[in-house]
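Trainee: sharing a model that was predicted from the sequence below.
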Amino acid sequence: MDPVTLKLMRVVGSDGSIALPAYETPGAAGADMRANFADGMAVTLSPGARALIPTGIAMAVPPGFEVQIRPRSGLALKHGIALVNSPGTIDSDYRGEVGVIMLNTSDAPFEVTHGMRIAQMVLAPVVQATFEETGTLDETTRGAGGFGSTGRG
């Protein structure tokens, strides 16, 4: 697959010394994103609290793609930090600052510091559907069986 260019722009007032998203290893699917507070301060998330954390960047996602914002597994395992709308989607026509909604699911406060790696972004292709109303659907073995209907294991 040919590389896809994702244009990034620093938001006015952000700290230009904070690294842009980057792949930490050659095989990484996601590029790490960092907190970028305009005042260089930090935010403390109390247990159960959530906050919109700025990244200091806007982007031009190419048509036919989206950027998915996903949690970092180390923050989830070690500190109980989750992303509320995971994966978050950055649409190809959005040009504002990218923010990350972080949630502290642990029983201890967690400090989000300036420059901290807070999430990962994955560039993914998107297929838009054509919607057609119908009176019937084709039959399948599963049918209308919903949550848990296929059993365990």
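Mentor: Sure thing, it's come through. Residues are numbered from 1 along each chain as shown.

Trainee: from here on, just use CA atoms for contacts and neighbour counts.
Mentor: OK.

Trainee: how about the strands in the chain?
Mentor: 7-10, 31-34, 43-45, 50-54, 57-60, 65-70, 81-83, 88-90, 99-104, 110-112, 117-125 (DSSP state E).

Trainee: now tell me what touches the fifth one from outside.
Mentor: If I follow you right, that is strand 57-60. Strand 57-60 has contacts (CA atoms under 8 Å, 6 or more residues apart in numbering) with 6-11, 14, 20, 92-98.

Trainee: with respect to residue 146, which of the strands of the chain lies nearest?
Mentor: With CA to CA, the closest approach to residue 146 among the strands of the chain belongs to strand 88-90: 24.4 Å.

Trainee: mean confidence for that closest one?
Mentor: Mean pLDDT, taken over the full extent of strand 88-90, equals 96.

Trainee: now do stretch 127-140
Mentor: With pLDDT averaged residue by residue, stretch 127-140 scores 95.

Trainee: what residue is smack in the middle of this structure?
Mentor: Relative to the mean C-alpha position of the chain, the nearest C-alpha, by CA atoms, centre = their mean, is the one of residue 69, at 1.2 Å.

Trainee: ok, that residue to residue 8 distance?
Mentor: Here the criterion is CA to CA, to the nearest Å. By it, residue 69 lies 15 Å from residue 8.

Trainee: same check, this time on residue 119
Mentor: For residue 119, the distance to residue 8 under the criterion CA to CA works out to 16 Å.

Trainee: check residue 27 too.
Mentor: Here the criterion is CA to CA. By it, residue 27 lies 22 Å from residue 8.

Trainee: ok, those two, which is more surrounded?
Mentor: For residue 27 versus residue 8, the count of surrounding residues by other CA atoms under 10 Å is larger for residue 8: 14 against 7.

Trainee: need the contact list for the more buried one.
Mentor: If you count contacts by CA under 8 Å, 6+ apart, residue 8 has them with 57-60.

Trainee: need phi/psi at the residue sitting furthest away from the middle of the chain.
Mentor: Here the centre of the chain is the reference, and by CA atoms, centre = their mean the most remote residue is residue 135, at 36.9 Å. Backbone geometry at residue 135, expressed as degrees, to the nearest 10, gives phi -90, psi -20.
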